[in-house]
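J.: Can you look at this prediction? I've put the sequence above it.
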Amino acid sequence: MGEPITMTLSSVVCWPPDAFAATVDGRVVLMSQKHGNYYDLGGIGSNVWQRLAMPVRVEVLCRALTEEYEGDPLVIQRDVMALLGRLAEDALVEVRGG
């Protein structure tokens, strides 16, 4: 295992250049070439993934999702950070800054 990935609301995240992703029945499926893990992202997870096509600050991403889904900002922030953390551990998200 490598160094732990540090991510904060100020971090900028995006797809890595070698991301392996496909859309199947409206859901994004990701494969980690690094660990052999795969993710089947539901509607909101797929939405998050699509927003990572261009580098985005985590705080801006969370704010946009809060507005779109009209959810509790702290819950959305917690869930987004957890998802991004898991994806980053499998080298499916590039994290810049911390």
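T.: Cool, the structure landed. Residues are numbered from 1 along each chain as shown.

J.: From here on, just use CA atoms for contacts and neighbour counts.
T.: Fine.

J.: Low-confidence bits of this structure, can you list those?
T.: Applying pLDDT under 70 to the chain picks out residues 1-4, 98.

J.: Run through the helices of it in chain order.
T.: Counting by DSSP state H, the segments of the chain that form helices are 43-51, 58-69, 73-89.

J.: now the angle between helix 58-69 and the shortest one, please.
T.: Spelled out, that is helix 43-51. In terms of direction (axes from the mean of the first three to the mean of the last three C-alpha atoms, to 10 degrees), helix 43-51 departs from helix 58-69 by 130 degrees.

J.: Please enumerate residues in contact with helix 43-51?
T.: 26-28, 61, 80, 83 (C-alpha atoms under 8 Å, 6 or more residues apart in numbering).

J.: repeat that for 7 Å
T.: For helix 43-51, contacts defined as C-alpha atoms under 7 Å, 6 or more residues apart in numbering pick out 27-28.

J.: residues touching the residue nearest the centre of the chain, list them.
T.: The centroid of the chain falls nearest to residue 84 when counting by C-alpha atoms, centre = their mean (3.8 Å). By C-alpha under 7 Å, 6+ apart, the contact list for residue 84 reads residue 93.

J.: switch the cut-off to 10 Å
T.: 7, 13-14, 45, 48-49, 58, 90, 92-95 (C-alpha atoms under 10 Å, 6 or more residues apart in numbering).

J.: same check, this time on residue 69
T.: So residue 69 contacts 44, 76 (C-alpha under 10 Å, 6+ apart).

J.: thinking again about what came up before, in JSON lines: the helices of the chain, plus distance to residue 34.
T.: Output for the helices of the chain, formatted as JSON lines (distance: least, C-alpha to C-alpha, whole Å):
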{"stretch": "helix 43-51", "distance to residue 34": "18"}
{"stretch": "helix 58-69", "distance to residue 34": "23"}
{"stretch": "helix 73-89", "distance to residue 34": "9"}
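
J.: Quickly note the distance from residue 58 to residue 24.
T.: Residue 58 sits 26 Å away from residue 24, going by C-alpha to C-alpha, to the nearest Å.
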